[in-house]
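Peer 1: Predicted model and sequence follow; I will ask about them next.
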Amino acid sequence: MQAAWDFLIGPFAEFAFMRRALWGALMLSLSACPVGVFLMLRRMSLTGDAMSHAILPGVAAGFLLFGLQVVPMTLGGLIAGAVVALGAGAVARLTVQNEDAALAAFYLVSLAAGVVMVSLRGSSIDLMQVLFGSVLALGPETLWMIALVLAVTLVVLALFWRALVAECLDPLFLRSVSRLGPAVHFVFLGLVVANLVAGFQALGTLLSVGLMILPAAAARFWARGVAGMAAVAVLVGAVSSGGGLLLSYHAGLPSGPAIILVAGAIHALSVIVAPRGVLATRLPRRAHRIA
Amino acid sequence: MHDASPVRLPDKADICVRLDDLTLGYNNHPAVHHLGGSIACGESLAVVGPNGSGKSTLIRCIAGLLRPRGGTCQVKPGLRIAWLPQASGIDRSFPARLRDLVALGLWPRRGLLGRHRAADRHAVDAAISAVGLDGLAGRPIDSLSGGQFQRALFARVVVQDADLILLDEPFNAIDTRTVDDLLALIARWRGEGRTVVAVAHDLDLVRAHFPRALLLAREPVAWGPTAQVVTPANLARARQFQAAWDEDAPWCAPGTHATTAVVPMAGRGAA
């Protein structure tokens, strides 16, 4: 009993940095996981990945001008994400180019620019911090920033829920009854960017998308409705956060990747054993109903 | 081809949609060429013609989703429109139940934030029942058959409670029983004074259920009472129509047709 306590609760009870890391990761889960569910349902999971690369030059510009400071790096990331999202969206809507190709073009340039900017100044340790983050070094400033993104995300999701569902389910119908369609798309991309920027301090730009996509992908195997999926995704995100931090503490692993690895393990497990997973749907079943 | 001038409606008739010298198209090639005429409130109009003759394009324009390239398409201001596209953009793998799909029809009434009240839920239940899908409200949409899905889309149109109902090939790949049920629903709409415009290929069905028809072959071939429109002579003329894309088709000279400037549709923004 004591051993279990020491293993599961001890690190958080003993160290303030572990408690801050847990708070940060839990808030991120509550905020980013429902956004990830909509990303997945809109078949835009890889768009999330592209956007996480796209915010890099903004973060790098903030870092270049002000060093490792939360506010400039956050604002830089938000601006870079917005530019790429709006630019790709505009090209897709005004030309024959599809959104995926437009986004690929924008984010690749953005990523290259970001790496160049980071390499202009600072050691590779700084680059590692920007690319991979450090959840164990979350300061109060960063926590407040994450809390703000969480609040904005929950309010926007509550306001636009019906439109987000309608835009996923039947975009043509939404276009025929409302002018909200394109606006909803950009509001949603804004949420994606905000959550990626909130996550990059803790998990780095490359892994912040992991906490968004993996729990959502796992939730698909457990729940039937959108709201249920969002709830399961938040739960998976929270368990991954706690489990990942413990894994990182006990095994001496970098914290961000540890959280993502735990989320990946839960996803793999879900693929196999969940009610809509491989075993339940592929195993031969003898009994069936008459109608 | 313009000797087939549309039959003029009596002036006292309440006009729902008025098309004046309407040209619609893509990349300078017209899909609907100099179409004029009007649809009276409460009438049931079938739009017939070969594939590629501009039927869906016309429907999209009336629905307010396509901007005219020439002429005007005026829809009576304040008219509530429901549009059932030929190929719906619905993601069948989306985790929604049949009831969620039908409840989308509440959007014109409740919008983004309006609460769905008990009366709205009853309206959804009644619509599901009206299309004969009782007991299936909780089924995920990916488990519905083609016919059940089309019934569900009709239920959504019922919930929309629209004045003008645009149906683009609603009877494709559907068994006769479903077609009969949906036709009964269209007859009910007519009884309620709603205007119905439907694209259809089954000419017997059109003769039996639609009092008026428009035979389209990019240009209007005939528009009027169905018996006078769907005739062997007119159909033969429509069959001569070439849907093939002629990249070097000559330009439509200003003199040959009285083209007018693009004017936004009354009451609704184009596009």
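Peer 2: Sure, I can see it. Numbering: from 1, shown residues only, chains lettered A, B, ... in the order given.
Peer 1: Okay, helices next: where are they in the stretch 151-291 of chain A?
Peer 2: Using DSSP state H, counting those that start in this stretch, the helices of the stretch 151-291 of chain A run over A:171-177, A:180-207, A:210-219, A:226-251, A:255-273, A:278-282.
Peer 1: Tell me which of these lies nearest to chain B.
Peer 2: Among these, the nearest to chain B by C-beta to the nearest C-beta is helix A:171-177 (4.0 Å). Quick note: C-beta positions are derived from backbone N, CA and C, even for glycine.
Peer 1: can that closest one be found next to chain B?
Peer 2: Yes - for helix A:171-177, a contact with chain B is found by C-beta under 8 Å from any C-beta of the partner chain, at A:Pro171, A:Leu172, A:Phe173, A:Leu174, A:Arg175, A:Ser176, A:Val177.
Peer 1: Same list (those residues) but as TSV, adding distance to A:Ala291 and neighbour count.
Peer 2: Formatted as TSV, the residues of helix A:171-177 next to chain B follow (distance: C-beta to C-beta, whole Å; neighbours: other C-beta atoms under 10 Å in any protein chain shown):
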residue	distance to A:Ala291	neighbour count
A:Pro171	34	19
A:Leu172	33	17
A:Phe173	31	26
A:Leu174	35	23
A:Arg175	38	18
A:Ser176	36	22
A:Val177	36	23
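Peer 1: Need the max-distance pair from those.
Peer 2: A:Pro171 and A:Val177 (11.4 Å; C-beta to C-beta).
Peer 1: Return the residues of the stretch 1-150 of chain A in contact with chain B.
Peer 2: So the stretch 1-150 of chain A meets chain B at A:Leu41 (C-beta under 8 Å from any C-beta).
Peer 1: Around the closest residue to chain B within the stretch 1-150 of chain A, count how many other residues there are.
Peer 2: Nearest to chain B in the stretch 1-150 of chain A, going by C-beta to the nearest C-beta, is A:Leu41, at a distance of 6.3 Å. Per other C-beta atoms under 10 Å in any protein chain shown, the neighbour tally for A:Leu41 reads 23.
Peer 1: And the pLDDT at it?
Peer 2: On pLDDT, A:Leu41 comes in at 93.
Peer 1: For it, which non-adjacent residue is spatially closest?
Peer 2: Leaving aside its sequence neighbours, A:Leu41 sits nearest to A:Cys168 (C-beta to C-beta, 6 or more residues apart in numbering or on different chains; 4.9 Å).
Peer 1: Same check on A:Gly81?
Peer 2: A:Val193 (3.2 Å).
Peer 1: and that neighbour, how many neighbours?
Peer 2: Neighbourhood size, A:Val193 [other C-beta under 10 Å]: 25.
Peer 1: So what's the gap between stretch A:71-79 and the chain middle?
Peer 2: Taking C-alpha atoms, centre = their mean, to the nearest Å, the mean C-alpha location of stretch A:71-79 is offset from the chain mean by 17 Å.
Peer 1: got the residues of the stretch 1-150 of chain B near chain A?
Peer 2: B:63-65, B:81-83, B:85, B:88-91, B:94-97, B:100-101, B:104, B:107-108, B:111-113, B:140.
Peer 1: Would you list the buried entries among those residues?
Peer 2: B:63-65, B:81-83, B:85, B:88, B:90-91, B:94-97, B:100-101, B:104, B:107-108, B:140 (16 or more other C-beta atoms under 10 Å in any protein chain shown).
Peer 1: Restricted to strands, list these.
Peer 2: Per DSSP state E, strands hold the following members of those: B:Ile81, B:Ala82, B:Trp83.
Peer 1: mind putting the residues you listed in CSV, pLDDT and distance to A:Val187 included?
Peer 2: Compiled in CSV, those are given as follows (pLDDT from 0 to 100; distance: C-beta to C-beta, whole Å):
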residue, pLDDT, distance to A:Val187
B:Ile81, 93, 25
B:Ala82, 93, 26
B:Trp83, 92, 24
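Peer 1: could I get those residues as CSV with distance to B:Leu35?
Peer 2: Output for those, formatted as CSV (distance: C-beta to C-beta, whole Å):
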residue, distance to B:Leu35
B:Ile81, 19
B:Ala82, 22
B:Trp83, 18
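Peer 1: Closest one to chain A out of those, please.
Peer 2: The closest of those, once distances to chain A are taken by C-beta to the nearest C-beta, is B:Trp83, at 4.7 Å.
Peer 1: Spatially, what comes nearest to the closest one if we skip its sequence neighbours?
Peer 2: According to C-beta to C-beta, 6+ apart, the nearest residue to B:Trp83 is B:Ala63 (4.1 Å).
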